[in-house]
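1. Predicted model and sequence follow; I will ask about them next.
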Amino acid sequence: LSSPDPLAEVKGRELYFYYLDLLIRAQLIAFRLPSEATILVQFQAEDSEFQSLQKVFEAMLLTLCQSAKA
């Protein structure tokens, strides 16, 4: 039985890797929708900019969840 809130049972990982001379930070987030579909989201940015983009990533994830409920 799925939870009504798709983000109630989120699984995720944080990755760091180098591309050219930049340190890249990525977040992988997986969750299941009530329709039993699984969504995998990847947010990625240069490490020093990642924190300033966190609110943007959260807004994108919220929009995705709201549109998936419709």
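-> Arrived safely, thanks for sending. Residues are numbered from 1 along each chain as shown.
2. For the chain, which residues score under the pLDDT cut-off?
-> Residue ranges of the chain with pLDDT under 70: 1-8, 70.
3. in its sheet, what does the helix or strand hosting E14 sit against?
-> Element membership for E14, per DSSP states H and E: strand 11-19. Note on strand 11-19: by DSSP bridges, its sheet partners are strand 22-32 (antiparallel).
4. Beyond the partner strand, next helix or strand please.
-> Per DSSP H and E, the helix or strand that comes after strand 22-32 is strand 38-46.
5. Could I get the buried residue list for the helix or strand following that next one?
-> Counting by DSSP H and E, the element after strand 38-46 in chain order, helix or strand, is helix 47-69. By 16 or more other CB atoms under 10 Å, the buried positions in helix 47-69 come out as 50, 57, 61, 65. Where C-beta positions appear, they are placed from N, C-alpha and C, glycine not excepted.
6. Distance check, the third one against F43.
-> The reference is to L61. From L61 across to F43, the span is 8 Å (CB to CB, to the nearest Å).
7. any shared contact partners between those two?
-> By CB atoms under 8 Å, 6 or more residues apart in numbering, L61 and F43 have these common neighbours: I29.
8. Flag every buried residue along stretch 18-31.
-> Applying 16+ other CB under 10 Å to stretch 18-31 flags 25, 27, 29, 31 as buried.
9. Next: stretch 32-50.
-> 32, 41, 43, 45, 50.
10. Look up how far V10 lies from the first one.
-> By that I understand R32. For R32, the distance to V10 - CB to CB - is 9 Å.
11. which ones are touching the closest residue to R32 other than its chain neighbours?
-> Leaving aside its sequence neighbours, R32 sits nearest to T38 (CB to CB, 6 or more residues apart in numbering; 5.2 Å). The neighbours of T38, taking CB under 8 Å, 6+ apart as the test, are 30-32.
12. ok, now how distant is T38 from K69?
-> Applying CB to CB to T38 and K69 gives a distance of 15 Å.
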